[in-house]
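Asks: Here's a sequence, model it:
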Amino acid sequence: MNRTLALFLTLAILVAHTLAIHKDALDAIAPPYDEAHVAFRIARNFVQTGSLAWDHGSPPVESYSSLLWIAVAALGERLNFAVTAFCQTVGALSAMLAIFVLAQFSPGRLAGVIAPLLFVVSGGVAAAAGSGAETATLALLVGASYLAFERRAKLAFAACICLCVATRAEGIVFVLMLLALEIAGALRRPQQPRISLLRWFLPALVLLGLLMLLRHQLFGTWFSPFAHSWVEQSAQRWLTGAKYLGDFARGSGWTILMVFPLYYLVRGQLTGVGRRALLLAAGYAALLACMGGGHGPMFQPMVPMTALLLIAMQESMTIALDSKRAGWPQSTWAMFLVALACSALLSKYPGNLGLLQTEGLHRRWVVSSTPPRLSYQESLGRLGLVEEIEVTQRLRSLGIFMREHLDPLHHVLTPWPGSLGYLSRLRVIDALGRATLPPNAVQPRPWSGEQRADLLAVLARSPEYIVPAINWEPVPPTLKDVALSWSQTLDIAPSDERRLQALGEQLLAFELITVPVPLGNSTNPRAATQPFHLLRRRDLDLAPRLTVEVEGRAFKIKVQHRAHQQQVDLRVVLRDSSGRQWSLEPTGRVHEDATAMMRTSILLFPTGDRAIELAAGSWPADLDIVELRAVLRNPLARGEHHYSSVSEAVVVPLPR
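Replies: Numbering: from 1, shown residues only. Sure thing, here's the model as predicted:
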């Protein structure tokens, strides 16, 4: 096959791969990931107010991990483009350009398309291309920097490493690894004529100094949150990071080709380009391991390292293809095709392959060994990507609801601040202290790796609302459910029973409510909705109030509701003279227990200062009723607990 044709085919595969997997349930292009919306909000604030603050009027803090990406989003905002689509386009173009960069490592032969082909069939690369974050751009810059390093292209090298430094803290570490390689090479062969790149590191180092000065002027700190996280190393964090790398090795498909660079490295036959790429990839992996791994579908943090690994694989596989040993080239191509197939399998939903019953094996393959984040299952492969897209869409829908219905001065506490903060425009507090300052801290936490927070101090800030979970669970959680899930996944001391008890006591100050969130990010009041559970501070006094009027055996129940839209069930319980309890059903019949609902899934709208009739009925004449009790409950709430009811129960004694 012609090499140029192969490259254009590779480009088409990347576009098709990205469009095939980065889509929502309606087969439309899915929005960027939730984390990317943090950059979008800061960029909008910068364009509108000239401040890099997360909240209008608040002191600026370094709420996102890439100042360069905030600048890209601000450019889209300034040009009046849809920022989400603009950043997704930049990411997709970066992934496309990375293909041509990888192809330049072996430009004279068809084997030079091995790395580009493996790159585009990688689910992580295709997902990063549509993520709306800077991951694909950093992968491009890492690959371009290494290409310029190997070719001794001085100006291109200086420009690329400057962009690496400006993109993310991981880019700074990568540049420092390149500097170490350059110094080692100069010391190993001091007499050999070789173009030195040492002085071409100076622009990047100067830029790093300027960024530190700018950071100090804007945020009052010299180093990024990424650097400060290094002081919190622990054996548990390294263990989690090692599990993450293990998941990457078995959950990427193409990593079976690692046998080639490792084999030729041991034999001393791997080229210098391959050895250095392998060493850089190992350093990048160690960096992620010490951070406790990463998060994001299809191993997003590993995408820049993927480019380096594929270069090493291509160099070693080229040696295998040139081997004179019988069957060696054919076996190499066969393993290459197997790797392509394995990568493709991870980009599809688990299922059978024709007559082969492989669904069970496929589902076991995509089970992660790392602890999941709150409300996530953290599956590998396509299931993890679908989960991330669904989560982002739910949060975007919730953000639209909050923007339309909540008081703009209220604060919302959530571990998922991105799209919620971008679309709601409310004062959003990040429970993990990445977008906003943690209590008693001078700098936010990094977005990289596993993060925990002092939840007792966070809740002491008394937000008006809390987003306790993001999965569409029809049954409302109990207070114990919320406290336990937050403690285990977010708190700094998840095994401390006293902290768990204190957390539950703080959550008693909140009531659980069910709100109708529009599906599909719609602002149409007639759009389909899905119930979403929130916690609201009780002292806001926004709970609906019931009144009951009784005349003879007939009764009327009215409600006054001064807050936003809310979904409730109505339970009416009658107690007779013998102590038995009867509940009224929607048909008006009585049921001999206290569990049936008289009306279900009622959508309450603000009624102002007046009360509207909610229900009316009567009880049978053969029942000697001495008491009527009415209460509003969260739909499908089970049992009696602090979060089951949403109003004070109204108890009316009846004359006999």
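
Asks: helices and strands of the protein: which one bottoms out on pLDDT?
Replies: helix 225-228 (a mean of 80; mean pLDDT, DSSP states H and E).

Asks: List of residues touching stretch 249-267?
Replies: 118, 121-124, 248, 270, 274-275, 278, 299, 302, 306, 309-310, 312-313, 315-317, 319-320, 332, 335-336, 338-346, 365-366, 368, 380-381 (C-beta atoms under 8 Å, 6 or more residues apart in numbering). No exception for glycine: its C-beta is placed from N, CA and C like everyone else's.

Asks: Out of those, which end up buried?
Replies: With neighbours counted using 16 or more other C-beta atoms under 10 Å, these contain these buried positions: 118, 121-124, 248, 270, 274-275, 278, 299, 302, 306, 309-310, 312-313, 315-317, 319-320, 332, 335-336, 339-340, 342-346, 365-366, 368, 380-381.

Asks: taking the contacts of stretch 249-267 one by one, which sit in helices?
Replies: Among these, the members falling in helices are 118, 121, 123-124, 248, 274-275, 278, 306, 309-310, 312-313, 315-317, 319-320, 332, 335-336, 338-346, 365, 381 (criterion: DSSP state H).

Asks: Pro408: how many residues sit nearby?
Replies: 11 (other C-beta atoms under 10 Å).

Asks: How about it: what's its closest non-neighbour residue?
Replies: Nearest residue to Pro408, sequence neighbours excluded (C-beta to C-beta, 6 or more residues apart in numbering): Leu426, at 6.3 Å.

Asks: The one you found and Pro31, how far apart?
Replies: For Leu426, the distance to Pro31 (C-beta to C-beta, to the nearest Å) stands at 19 Å.

Asks: and what of Ala312?
Replies: 35 Å.

Asks: what does Val125 give?
Replies: 19 Å.

Asks: Compare those two (neighbour count), which wins?
Replies: Set Val125 next to Pro31 and count neighbours by other C-beta under 10 Å: Val125 wins out with 29 against 23.

Asks: contacting residues around that one?
Replies: Contacts of Val125 by C-beta under 8 Å, 6+ apart are 14, 95, 98, 119, 136, 139, 303, 306.

Asks: Include distance to Arg168 and pLDDT when you put those residues into a markdown table, please.
Replies: Formatted as a markdown table, the contacts of Val125 follow (distance: C-beta to C-beta, whole Å; pLDDT from 0 to 100):
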| residue | distance to Arg168 | pLDDT |
| --- | --- | --- |
| Leu14 | 22 | 92 |
| Ala95 | 16 | 95 |
| Ala98 | 16 | 95 |
| Phe119 | 20 | 93 |
| Ala136 | 12 | 95 |
| Ala139 | 11 | 96 |
| Val303 | 12 | 93 |
| Thr306 | 15 | 93 |
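
Asks: List just the nearest of these to Arg44.
Replies: Ala136 (22.2 Å; C-beta to C-beta).

Asks: And what about the closest one, helix, strand or coil?
Replies: What DSSP: H, G, I helix; E, B strand; the rest coil gives for Ala136 is helix.

Asks: list the contacts for it?
Replies: Taking C-beta under 8 Å, 6+ apart as the test, what Ala136 contacts is 91-92, 94-95, 98, 125, 128-129, 303.

Asks: which strand in this structure runs the most residues?
Replies: strand 566-576 (DSSP state E).

Asks: And this protein, what are its domain boundaries?
Replies: Domain ranges of the chain: 3-347, 381-538, 545-653, per automatic domain parsing.

Asks: Report the buried residues of stretch 280-293.
Replies: For stretch 280-293, a neighbour-count test (16+ other C-beta under 10 Å) marks 280-281, 283-285, 287-289, 291-293 as buried.

Asks: Spell out the residue ranges of the strands in this structure.
Replies: 411-414, 427-430, 465-466, 510-518, 529-537, 545-551, 554-560, 566-576, 581-584, 590-591, 599-604, 612-618, 625-633, 650-653.

Asks: Direction included, what does the third one pair against?
Replies: Using DSSP bridges, the neighbouring strands of strand 465-466 in the sheet come out as strand 411-414 (parallel), strand 529-537 (antiparallel).

Asks: got the contact list for it?
Replies: 402, 406, 410-414, 510, 534-537.

Asks: same thing but 7 Å
Replies: When contacts are defined by C-beta atoms under 7 Å, 6 or more residues apart in numbering, strand 465-466 is touched by residues 410, 412-413, 510, 534-536.

Asks: neighbours around the residue nearest to Leu287 when sequence neighbours are not counted, how many?
Replies: Nearest residue to Leu287 in three dimensions, chain neighbours excluded: Val173, at 5.6 Å (C-beta to C-beta, 6+ apart). By the measure other C-beta under 10 Å, the count of residues near Val173 is 18.

Asks: burial count for Pro586?
Replies: Other residues close to Pro586 by other C-beta under 10 Å number 13.

Asks: distance of the residue nearest to Val428 when sequence neighbours are not counted from Glu387?
Replies: Leaving aside its sequence neighbours, Val428 sits nearest to Gly421 (C-beta to C-beta, 6+ apart; 3.9 Å). The gap separating Gly421 from Glu387 is 21 Å, by C-beta to C-beta.

Asks: Please identify which of those two sits among more neighbours.
Replies: Under the neighbour definition other C-beta under 10 Å, Gly421 and Glu387 were set side by side, and Gly421 has more, 30 against 18.

Asks: so what's that one up against?
Replies: 41, 428, 435.

Asks: One more pass at 10 Å, please.
Replies: For Gly421, the contact set (C-beta atoms under 10 Å, 6 or more residues apart in numbering) comprises 34, 37-38, 40-42, 54-55, 63, 395, 399, 402, 412, 414, 427-430, 435-436.

Asks: Inside helices: which ones of those residues?
Replies: Per DSSP H, those map to helices at 37-38, 40-42, 395, 399, 402.

Asks: Just give me the neighbour total for Thr18.
Replies: Thr18: 25 neighbours (other C-beta under 10 Å).

Asks: Please verify my assumption that it contacts Gly130.
Replies: Yes. Using C-beta atoms under 10 Å as the test, Thr18 is close enough to Gly130 to be in contact (5.1 Å).

Asks: which residues do the two both contact?
Replies: 29, 88, 91-92, 95, 136.

Asks: Out of the residues you listed, the closest to Glu585 would be?
Replies: Nearest member of those to Glu585, counting by C-beta to C-beta, is Ile29, at 46.4 Å.

Asks: Count the neighbours of the spatially closest residue to that closest one that is not a sequence neighbour for me.
Replies: Nearest residue to Ile29, sequence neighbours excluded (C-beta to C-beta, 6+ apart): Lys23, at 6.0 Å. Neighbours of Lys23 under the rule other C-beta under 10 Å: 16.
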